[in-house]
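> Okay, here's the prediction I keep looking at, along with the sequence it came from:
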Amino acid sequence: MKATTKLALIGIGSFIIYNEIQKRNDNPKVFYVNRIPGGFNGCILPPFGILINESQRDNKILIEHEKVHWQQYQREGLLPFLANYWAEHFKHGYDLNPYEIEARLKSGEIPCCLHNYTECVRNGLSLTVHNPNFRH
Ligand SMILES: [Zn+2]
């Protein structure tokens, strides 16, 4: 076996082990970043942790929202979660994606924003965050 093949297998094996450890981690690391593509304020990057825009560092509801996505990853596993999340996204769109609705509901979003979240974030009605450029 070539050295590069061995290194690749060690890398893949390490990632699989790390993912299994992280799936059991109820307290994922939060990384504060200057920008998240797509105008988002937060997202999860399984198995590494949660990304939160620096401007939202103290936004407990947003961090709670992202922790619900982390729990979805824990519940389903990395590849099933990503496949299911994106299947629902393409079927229903972002606002009506059941994974997003669950995160909004469990993080305490107000009921009238559960199904038209983008508009609520843009116009400041959402409890999560006010961002006129959300998803632009
Ligand atoms: Zn979400």
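Alright, I've got the coordinates. Keep in mind the model is a prediction, meaning the values are calculated, not measured.
> Please make it C-alpha for all contacts and neighbour counts, starting now.
Will do.
> Let me know the secondary structure of residue 50.
strand (DSSP: H, G, I helix; E, B strand; the rest coil).
> Residue 66 is in contact with that one, correct?
Yes. Applying C-alpha atoms under 8 Å, one finds residue 50 in contact with residue 66, separated by 6.8 Å.
> Neighbour count: these two, which is higher?
residue 66 (26 against 20; other C-alpha atoms under 10 Å).
> Please look at that one and residue 40 and confirm they touch.
No. Using C-alpha under 8 Å, residue 66 is not in contact with residue 40, being 11.4 Å away.
> The nearest residue to residue 100 once chain neighbours are set aside sits in which helix or strand?
In space, and not counting its chain neighbours, residue 100 is closest to residue 94: 7.3 Å by C-alpha to C-alpha, 6 or more residues apart in numbering. Using DSSP states H and E, residue 94 sits within no helix or strand.
> Same question for residue 18.
Residue 18 belongs to helix 3-23, assigned by DSSP H and E.
> Show me what that helix is in contact with.
Identification of contacts with helix 3-23 by C-alpha atoms under 8 Å, 6 or more residues apart in numbering yields 28, 46-48, 73-74, 77-78.
> Return the member of those nearest to residue 58.
residue 28 (16.4 Å; C-alpha to C-alpha).
> can you pull the contacts of the closest one?
Residue 28 touches 22, 48-50, 70, counting by C-alpha under 8 Å, 6+ apart.
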